[in-house]
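J.: predicted model, plus sequence, below.
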Amino acid sequence: MSEQRLNRISVNIYGQTYNMVGTESPSHMRHVANTVDEQMRGIRSASPSLDIAKLAVLTAVNAVNDSMNYKQRIEELEAQLKKLKDDVND
């Protein structure tokens with residue numbers, strides 16, 4: 001079994017520096033960090049009175065909500081694909 005190489009990078013999210021470690025490419029990890037930063041700044045501009053903890057939680061809630069919606073859509077598309085394949089094979 002081969003081990004995946006861990007990449008380590010330093011990123012800036014909402015004015016704070018974080019060290020990220022993962023098997024994804026450094027460019028992917030930077031893209032994730034930039035996306036989180038943009039989402040936090042967008043939420044802050046809509047609700048400037050939020051403290052940093054609430055801002056972080058709302059950002060996480062939005063990310064999980066998006067992830068769940070994407071997962072549901074993928075499941076729907078997979079079901080449609082299965083039905084199409086079944087129809088072709090009948």
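T.: That came through fine.

J.: what about the helices in the chain?
T.: For the chain, applying DSSP state H gives helices covering 26-46, 52-89.

J.: single out the most deeply packed of the ones you listed.
T.: Sort the helices of the chain by mean neighbour count, taking mean count of other CB atoms under 10 Å, and helix 26-46 sits at the top with a mean of 15. Heads up, the C-betas are built off the backbone N, CA and C, glycines and all.

J.: by contact count, what packs against it?
T.: strand 7-13, strand 16-22, helix 52-89 (3 or more CB pairs under 8 Å, 6 or more residues apart in numbering; DSSP states H and E).

J.: rerun at 6 Å
T.: Secondary-structure packing of helix 26-46 (3 or more CB pairs under 6 Å, 6 or more residues apart in numbering; DSSP states H and E): strand 7-13, helix 52-89.

J.: would you turn the helices of the chain into CSV with distance to residue 5?
T.: Listed next are these as CSV, based on distance: least, CB to CB, whole Å:
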stretch, distance to residue 5
helix 26-46, 11
helix 52-89, 26
